[in-house]
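1. Show me how the following folds:
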Amino acid sequence: MQVAKHLLFAAGLTVAATAAHAAGTLIYCSEASPEGFDSAQYTGGTTFDAAGHAMFNRLVEFEKGSTRTIPGLAESWTISPDGKEYTFKLRKGVKFHTTDYFKPSREFGADDVVFTFTRMIDKNFPFNKAYPAEFPYASDTGLDANIVKVEKVDANTVKFILKDPDADLLAKIAMPFASVQSAEYADKLLKEGKASMINQQPIGTGPFVFVRYQKDAQIRYKANKDYWRKGAVKVDNLIFAITTDASVRAQKMKAGECHIMSYPKPQDLASMKADPALKVTTAPGFNIGYLSYNVEKPMLKKLEVRQALDMAINRKAIIDAVYQGQGQEAANPFPASLWSYNNKLRNAPMDIAKAKALLAKAGYPNGFEITLWAMPVQRPYNPNAKLMAEMIQSDWAKIGVKAKITTYEWGEYLKRMKNGEHDTGLIGWTGDYASPDNFLGVLLTCEAVGGSNYARYCSKDFDAAVLKARKSTDMKERTALYMKAQEIFKKDLPWSTIAHSTVNQPMRKEVNGFKISPFGDYSFEGVSVK
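-> Here you go, the predicted model:
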């Protein structure tokens, strides 16, 4: 991704150290660069934090620290009796950001909502012709196929017309990928032949305004003085200090060079909890860390091969070494805190002899060579993918499988996995809304292949259950269908489920107002530094 036209030349610790002591500046040590600044194109949490949360709003938003949806850019909405029409009354008086590259001539309105969603559902939309892009989250959630039209009723009213009811629609459009863009700004870029700049020079309605970005170093924002939630922005400046090493993030925290950090290593927690300048808050993780098998690869198409690889993994040893008391073994594709979790399902016990027999049955008595991809960053669901990969590599060697560990820069890693270049890969997910569909539908359906379905798994039976549940508004029926889908998943084994982790959030004591998001988001609206 190209950087914005203004580069920050004096980056690094010196800038961070100076800024930390400036009044009204909040420094967040983040774990990776965003994939871009147009949230609709991506699925990574780093992008959602740096773009969707920092600079944009949605029609509906999640209450801070909660899974409950509340009004955002829409003040209210009504749903038709058949569940196929949603009419949103839009908030008046909301202003888009003014920057050196764009000055809006009007306030937010229906045209902006129509632009934002039409772009995701209509490949022939003029803006898409000028700047072709994929919108993986819109397709992974089924929105692109299910939204027939988003129409302007009047300047402050829009109507969504659906093919089928969707019980999770409000939660889906509360997510960062559905951040509302400025149609006026898009028109300007289109006329100038610069449509791709929407991904480099963002314009939103959110709490912070983009200033500049240096890849792998820093993102700078200033407070949006015209923000529609009066008094919600508590600092003058926000800096994302991109620091890929978790130990370095911890050192910066202790030195006062950042106020809050993402994803500490479990082994750093004790010293952080003992530091009088820091505080560490904890919450159960709404996540899953797993090993994805690319079922399109010849060897991995065979169920016996996947069963053998799964059976050779010593989950207990991995959870002890990688999570260090901060993780629980995962048997299902989502955590037990979510409704319709199937308690009857278990992982197969580790059994090297049986795994070897399964490989022989599949035609590989002497094993084979395979790639094992390991993430370059810490995530809440996997604090140390390199160590986990090394342990799995060692486990597989016992059954004659030689795994070559492979990694890339985070954005590249996600892109290549979406393209199906890996044989097996460590990845995971933190839920974005409190529905089983956010795990089963987004990560495992046929329509999510090429998006977040890294296993490239496509099962008619699994899809039938999940898609029927998505269209149903009957909670009992949905629960039964999701329970069945989990059974099909466990039988087909497109993943080896590894762990659900506890989320630990260190910050300096002078930080106030930060709440751990159940979805793993970092949002700094309402956060102050004493």
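
2. The closest residue to residue 329 other than its chain neighbours: what's it in contact with?
-> Distances taken as Cβ to Cβ, 6 or more residues apart in numbering place residue 315 nearest to residue 329, at 5.5 Å, with adjacent residues excluded. (Glycine included, C-beta is placed from N, CA and C.) Residues in contact with residue 315 (Cβ atoms under 8 Å, 6 or more residues apart in numbering) are 329, 347, 350, 498, 499.

3. Pull the most distant pair out of those residues.
-> 350 and 499 (15.0 Å; Cβ to Cβ).

4. When those two are compared, which one has more neighbours?
-> The residue with more neighbours, out of residue 350 and residue 499, is residue 499; 25 against 17, by other Cβ atoms under 10 Å.

5. Name the nearest residue to that one, sequence neighbours excluded.
-> residue 327 (4.0 Å).

6. Correct me if wrong: the one you found contacts residue 319.
-> Yes. With contact defined as Cβ atoms under 8 Å, residue 327 counts as touching residue 319 (5.0 Å).

7. now the nearest residue to residue 436 once chain neighbours are set aside, what's its secondary structure?
-> Closest residue to residue 436 apart from its sequence neighbours, by Cβ to Cβ, 6+ apart: residue 482 at 4.4 Å. Secondary structure assignment for residue 482 (DSSP: H, G, I helix; E, B strand; the rest coil): helix.

8. circling back: can you report phi and psi for the residue nearest to residue 499?
-> With angles defined as degrees, to the nearest 10, residue 327 sits at phi -150, psi 160.

9. Count the neighbours of it for me.
-> 24.

10. List the contacts of it.
-> So residue 327 contacts 289, 319, 499, 500, 501, 502 (Cβ under 8 Å, 6+ apart).

11. Looking at the residues you listed, which are in strands?
-> Using DSSP state E, the members of the contacts of residue 327 that fall in strands are 289, 499, 500, 501, 502.

12. correct me, but the second one touches residue 289?
-> Yes. Between residue 499 and residue 289 a contact is recorded at 4.9 Å, counting by Cβ under 8 Å.

13. Overlap in contacts, those two.
-> Joint contacts of residue 499 and residue 289 (Cβ under 8 Å, 6+ apart) are 327, 330, 381, 382.

14. could you dump the residues you listed to a markdown table with pLDDT?
-> A markdown table is the format used below for the shared contacts of residue 499 and residue 289 (pLDDT from 0 to 100):
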| residue | pLDDT |
| --- | --- |
| 327 | 93 |
| 330 | 97 |
| 381 | 94 |
| 382 | 95 |
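
15. Next, format those residues as CSV and append distance to residue 488.
-> Formatted as CSV, the shared contacts of residue 499 and residue 289 follow (distance: Cβ to Cβ, whole Å):
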residue, distance to residue 488
327, 26
330, 17
381, 23
382, 25
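
16. What count of nearby residues applies to the residue lying closest to residue 175 once chain neighbours are set aside?
-> Excluding the flanking residues, the one nearest residue 175 by Cβ to Cβ, 6+ apart is residue 432, at 4.9 Å. Per other Cβ under 10 Å, the neighbour tally for residue 432 reads 28.

17. How about residue 260?
-> 22.

18. in terms of contact, does it touch residue 30 like I think?
-> No. Using Cβ under 8 Å, residue 260 is not in contact with residue 30; the gap is 9.5 Å.

19. residues shared between the contacts of the two?
-> residue 522.

20. If I look at the residue nearest to residue 189 when sequence neighbours are not counted, what pLDDT would I see?
-> Leaving aside its chain neighbours, residue 189 sits nearest to residue 195 (5.0 Å; criterion: Cβ to Cβ, 6+ apart). pLDDT for residue 195: 97.

21. ok, back up a step: Provide a list of residues in contact with the residue nearest to residue 436.
-> 340, 342, 436, 440, 465, 466, 469.

22. Tell me which residues touch the closest residue in space to residue 518 that isn't next to it in sequence, please.
-> If the residues on either side of it in the chain are set aside, residue 518 comes closest to residue 286, at 4.8 Å by Cβ to Cβ, 6+ apart. Applying Cβ under 8 Å, 6+ apart to residue 286 gives the contacts 335, 337, 338, 430, 431, 434, 518, 519, 520.

23. neighbouring contacts of stretch 414-423?
-> Contacts of stretch 414-423 (Cβ under 8 Å, 6+ apart): 35, 43-44, 136, 292-294, 296-297, 299-300, 370-373, 406, 408, 425, 427, 450-452, 454, 456.

24. Can you give me the end-to-end span of that stretch?
-> Stretch 414-423 has an end-to-end distance of 14 Å (criterion: Cα to Cα, to the nearest Å).

25. Pull out the buried positions in that stretch.
-> Of the residues in stretch 414-423, 414, 417, 418, 420, 422, 423 count as buried by neighbour count, 16 or more other Cβ atoms under 10 Å.

26. show me the contacts for the closest residue to residue 39 other than its chain neighbours.
-> Setting aside the residues directly before and after it, residue 39 is nearest to residue 52 in space (Cβ to Cβ, 6+ apart), at 4.1 Å. Applying Cβ under 8 Å, 6+ apart to residue 52 gives the contacts 39, 175, 176, 177, 179.

27. Okay, residue 52 and residue 509: tell me how far apart.
-> Distance of residue 52 to residue 509, computed by Cβ to Cβ, to the nearest Å: 28 Å.

28. again with residue 454
-> 39 Å.

29. Flag the shaky bits of the stretch 251-400 of the chain, pLDDT-wise.
-> Within the stretch 251-400 of the chain, no range satisfies pLDDT under 70.

30. which residues in it form strands?
-> 260-261, 278-284, 287-293, 327-329, 369-373 (DSSP state E, counting those that start in this stretch).

31. and of the ones you listed, who's closest to residue 229?
-> It is, among the strands of the stretch 251-400 of the chain and with distance given as Cβ to Cβ, strand 260-261, at 20.6 Å.

32. Centre of the chain to the closest one, how far?
-> How far strand 260-261 lies from its chain's middle: 18 Å, per Cα atoms, centre = their mean, to the nearest Å.

33. Does anything pack onto that strand? Which helices or strands?
-> strand 25-30, helix 246-254, strand 495-508 (3 or more Cβ pairs under 8 Å, 6 or more residues apart in numbering; DSSP states H and E).

34. between the second one and strand 25-30, how big is the angle?
-> What that stands for is helix 246-254. 160 degrees (axes from the mean of the first three to the mean of the last three Cα atoms, to 10 degrees).
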